[in-house]
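1. one predicted model, sequence on top.
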Amino acid sequence: MEEIGIQLSDMQTEQFLTYYDMLIERNKVMNLTAITEYDDVVEKHFVDSVSLIKALDEEKVKNVIDIGTGAGFPGIPLKIVFPHLKVTLLDSLNKRIKFLNDVIGALELENIETIHGRAEDFAKQEIYREQYDLCVSRAVANLATLSEYCLPYVKVGGYFISYKSGEIEEELQQSKRAVSILGGTLGDVIKFALPGTDIGRSFVKIKKVKNTGKKYPRKAGLPSKEPLV
């Protein structure tokens, strides 16, 4: 983590090691990650997750929701490194949620919750809708679709930050209308290479400037089948 300016305490280092061990062990019986070598997991999951500091001052964020968290990325690494954060992890697969709950217990993390379900459904609930300073997602979907899943959770003045790889210029252009409809505005795109690799990554920073219309997100499945482009 030092290569991105983060000094871990002994306890944080231990938490990451335990997380790695649990990830690899559970991966033997369910599909959590295709990346299993220790150094690769550190670079492509742990460091990648907390590289968010390149796009945002985490100290100014109180609560964050991770949509489509999968094996807990980026939400759990962010919680380990920034313990002050109140974190919500959402995923549609219950087996993954059970794994995340085991990790949270083993790492003795506090102020972190898991939600089993679809982003479209929970975004309609008052306790989650427009309640978060920050929404993050490493989910693989086009930006228009992801914005419909994520922006409804963000309070006005907050941010949705999408983790992206590869060329994204065309995707950015195609998502402008969707982002605007949903109450956001496209901001900076922060491009970088993961330390020690030639893997290009981008953070797309979207600021929430007005409330999302009540009809969004549309019912389950529609945001991916018919993106707002």
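-> Thanks, I have it.

2. now residue 210: closest residue in space, sequence neighbours ignored.
-> residue 183 (4.5 Å; C-beta to C-beta, 6 or more residues apart in numbering). For glycine as for every other residue, the C-beta is placed from the backbone atoms N, C-alpha and C.

3. residue 35 versus the one you found, what's the distance?
-> Separation of residue 183 from residue 35 (C-beta to C-beta, to the nearest Å) stands at 35 Å.

4. between these two, tell me which one has more neighbours.
-> Each of residue 183 and residue 35 has its neighbours counted (other C-beta atoms under 10 Å); residue 183 has more, 21 against 15.

5. who's in contact with the more buried one?
-> Taking C-beta atoms under 8 Å, 6 or more residues apart in numbering, we find residue 183 in contact with 151, 156, 208-213.

6. apply 6 Å and report the result again.
-> 208, 210-212 (C-beta atoms under 6 Å, 6 or more residues apart in numbering).

7. can you say which of these are buried?
-> 208, 212 (16 or more other C-beta atoms under 10 Å).

8. and the longest helix for the chain?
-> helix 10-27 (DSSP state H).

9. run through the strands of this protein in chain order.
-> 63-67, 86-91, 112-116, 132-137, 154-165, 184-193, 200-208 (DSSP state E).

10. got these as TSV, with mean pLDDT columns?
-> Shown next, in TSV, are the strands of the chain (pLDDT from 0 to 100):
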stretch	mean pLDDT
strand 63-67	98
strand 86-91	98
strand 112-116	98
strand 132-137	97
strand 154-165	96
strand 184-193	92
strand 200-208	94
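
11. so which of these is nearest residue 10?
-> strand 112-116 (20.7 Å; C-beta to C-beta).

12. helices or strands next to the least confident helix or strand in the chain by mean pLDDT in the packing?
-> The weakest-scoring helix or strand in the chain, judged by mean pLDDT, DSSP states H and E, is helix 222-225 (a mean of 89). When contacts are defined as 3 or more C-beta pairs under 6 Å, 6 or more residues apart in numbering; DSSP states H and E, helix 222-225 packs onto helix 143-150.
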